[in-house]
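> The sequence and its predicted three-dimensional model are supplied below.
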Amino acid sequence: MFNYVKKLQYPINIKHPDPRAAAIIISQYGGPDGELGASLRYLSQRYSMPYPELKGLLTDIGVEELGHLEMIGAMVHQLTRNLTEKQIEESGFAPYFVDHTVGVYPTSASGSPWNAAGMQVKGDPIADLNEDLAAEQKARVTYDNILRLVDDPDVIEPIKFLRQREIVHYQRFGEGLRVVTDKLNSKNYYATNPAFDD
């Protein structure tokens, strides 16, 4: 059971529309390393995680990623509300506008719609946690790239907050991987798996 708090994890109050920034930030909504894929990855991996404390970790981070998806959606909405035709044309936002008007649609900055093929759920604790570590670093790099391209403090501050959360998630998944390898109690787990190498 999840409890929904009707408040963003970090406030989004963007005063000036900027469709160019929206077209970049949308990648963290539905891009290959965005919040939609992260939330579904972790909430799906939790079912096969054999260790209760790590099942809880995946659930907690997966739900937090849904909150981040909500933040990105709010940012894109606020950056695109009340646009003029001239702003749409001059910003390069017209291709997105033609397909989605100003609806928040899960797509990458390059225009590819969200696809589940970009995420992985293996059912193996070591494989899944390594996937999660990589996913958090890729998301952090995407936020780094966004910060290089935007200049509005109303956009920069929530993006910096989200970037910091990716770092924290990476640290938690690293701790989780250490828990798994300790529980497996095998220094050469990869070289010898008792289930296959009798």
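Perfect, I can see it now.
> Can you tell me the element residue 111 falls in?
If you go by DSSP states H and E, residue 111 is not part of any helix or strand.
> residues contacting it?
The contact partners of residue 111, taken as C-beta atoms under 8 Å, 6 or more residues apart in numbering, are 95, 96. For glycine as for every other residue, the C-beta is placed from the backbone atoms N, C-alpha and C.
> rerun that using 10 Å as the cut-off
23, 26, 27, 95, 96, 99 (C-beta atoms under 10 Å, 6 or more residues apart in numbering).
> any idea which of those is closest to residue 181?
Ranked by distance to residue 181 (C-beta to C-beta), these are led by residue 27 at 33.0 Å.
> which one of the contacts of residue 111 is nearest residue 62?
Looking across the contacts of residue 111 and measuring by C-beta to C-beta, the closest to residue 62 is residue 27, at 19.7 Å.
> Got the confidence number for the closest one?
For residue 27, the pLDDT comes out at 97.
> on that earlier part again, out of the contacts of residue 111, which one sits closest to residue 166?
Closest approach to residue 166 among the contacts of residue 111 (C-beta to C-beta): residue 27, at 13.8 Å.
> Pass me the low-pLDDT residue ranges in the protein, would you?
Low-confidence segments of the chain, defined by pLDDT under 70, span residues 1-2, 185-198.
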